[in-house]
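S.K.: what follows is a protein structure lacking sequence information:
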């Protein structure tokens, strides 16, 4: 079977690898290059901390477990880290945190309280401000280095025979004899199945194939899809886990660097007028970061990057064929980092065997059929703690 995958982000390369390992003929198409879209601007925290829908929670739990299994199979430098995560609360947030810990514990999700001294040992090179009144530890959570993860997955896919082509997809046709994908230069690629894994461009590309995949597409100032990340090049830290503190989220990056996220600042981010390196937003981010440093000295050096979330209209993953007769498999998720390994394995299994995977049953694109766009409620919880 020949499978054409549109999109070489974290989901596309995961499906490509699994199909190639299974011996299928895989063609991976991407407009700019692997991992350069949404995957390049994600906080990359693996979790099921605020996935309130039971089906979505179970899927994310499976994603977390699959990361650990996959890490033992990939060559190259490690890209997944089972670091755990800490959530710090001050007086204004301690009730919310207590409720979330209680809810997760009732579901069997590893969560427990730690003292400030314990939290300091877990976190590494950070100090906990005096205003913090409670700290919760989530040992099963972790993070991914997205660029390394994509590179490792892509290399393994190509070792198993997958082919990658750079090009803009302008049309997809689903015909009784098979599927065809037309590139901007006029080249036509034919196959037996198409996997549409184009992230935030999914709605537009699906529409060209006559498929309705409702997405949140607003990308203006303060839009829900818009997120700002800071990449701190200095000071270099021995940060050992993901941190959620009032006003600032942090995760380790390579070479002692740190990824920073302040969700409240997103409301002031305009992609048409990006914040400057010495502007108010940058200064606020640097000030909050400095307040957590054990030994603050010179001003942190932080690069800013605007990201655009891949957000289905109801907040939940889309995974499945466009219809019972379709050969176009649609795949998009806001929780792409957490879910990439499990979606890669399950989507490949559904394509190869035509056997439905139980965990994906609730996430078919057909759930949108006949539903008015105004009746699809975006899940406001998906960006409460950080983009996944």
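M.R.: Arrived safely, thanks for sending. Quick caveat: nothing in here was measured; it's all calculated off a predicted structure. Numbers count the residues shown, from 1 in each chain.

S.K.: from here on, just use CA atoms for contacts and neighbour counts.
M.R.: Will do.

S.K.: shaky segments in the chain?
M.R.: Per-residue confidence for the chain (pLDDT under 70) gives these ranges: 374-375, 377-388.

S.K.: for the stretch 1-150 of the chain, what spans make up the strands?
M.R.: 2-6, 25-30, 45-46, 80-81, 85-89, 112-114, 134-138, 142-144 (DSSP state E, counting those that start in this stretch).

S.K.: same list, those strands, but as a markdown table with distance to residue 287 please.
M.R.: As requested, those are arranged in a markdown table below (distance: least, CA to CA, whole Å):
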| stretch | distance to residue 287 |
| --- | --- |
| strand 2-6 | 41 |
| strand 25-30 | 38 |
| strand 45-46 | 23 |
| strand 80-81 | 28 |
| strand 85-89 | 18 |
| strand 112-114 | 26 |
| strand 134-138 | 22 |
| strand 142-144 | 24 |
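
S.K.: looking at the ones you listed, which is buried most?
M.R.: Of all the strands of the stretch 1-150 of the chain, strand 45-46 carries the top mean neighbour count, a mean of 29, counting by mean count of other CA atoms under 10 Å.

S.K.: by contact count, what packs against it?
M.R.: Other helices and strands packing on strand 45-46, by 3 or more CA pairs under 8 Å, 6 or more residues apart in numbering; DSSP states H and E, are strand 142-144, helix 336-353.

S.K.: out of the ones you listed, flag the one nearest residue 183.
M.R.: When the helices and strands packed on strand 45-46 are ranked by proximity to residue 183, the top entry is helix 336-353, at 23.3 Å, counting by CA to CA.

S.K.: can you map out the helices along the protein?
M.R.: Under the criterion DSSP state H, the chain contains helices at 10-21, 54-71, 94-106, 116-123, 146-159, 202-208, 280-290, 336-353.

S.K.: so which of those is the most surrounded?
M.R.: When neighbours are counted by mean count of other CA under 10 Å, the highest per-stretch mean among these falls to helix 10-21, a mean of 28.

S.K.: now it, how far from the centre of its chain.
M.R.: Its chain's C-alpha centre and that of helix 10-21 lie 16 Å apart, by CA atoms, centre = their mean, to the nearest Å.

S.K.: what's the answer for stretch 158-170, then?
M.R.: For stretch 158-170, the distance from its own C-alpha centre to the chain's C-alpha centre is 22 Å (CA atoms, centre = their mean).

S.K.: and for it, what's in contact with it?
M.R.: 6, 16-17, 20-21, 23, 25-33, 181-185, 205, 208 (CA atoms under 8 Å, 6 or more residues apart in numbering).

S.K.: pull up the distance across that stretch, start to finish.
M.R.: Between the opening and closing residues of stretch 158-170 there is a gap of 25 Å (CA to CA, to the nearest Å).

S.K.: what's the answer for stretch 227-243, then?
M.R.: 18 Å.

S.K.: buried set for it?
M.R.: By neighbour count, and taking 16 or more other CA atoms under 10 Å as the criterion, the buried residues in stretch 227-243 are 227-233, 235-237, 239-243.

S.K.: let me know the closest of these to residue 131.
M.R.: Distances from the buried residues of stretch 227-243 to residue 131 were compared by CA to CA; the smallest belongs to residue 243, at 15.7 Å.

S.K.: that closest one bridge partners, please.
M.R.: residue 86, residue 250 (DSSP bridges).

S.K.: isn't it up against residue 84?
M.R.: No: counting by CA atoms under 8 Å, no contact exists between residue 243 and residue 84, whose distance comes to 9.1 Å.

S.K.: residues contacting the nearest residue to residue 213 once chain neighbours are set aside?
M.R.: Once its chain neighbours are removed from consideration, residue 213 has its nearest residue in residue 203; the separation is 5.2 Å (CA to CA, 6 or more residues apart in numbering). Neighbouring residues of residue 203 by CA under 8 Å, 6+ apart: 212, 213, 214, 215.
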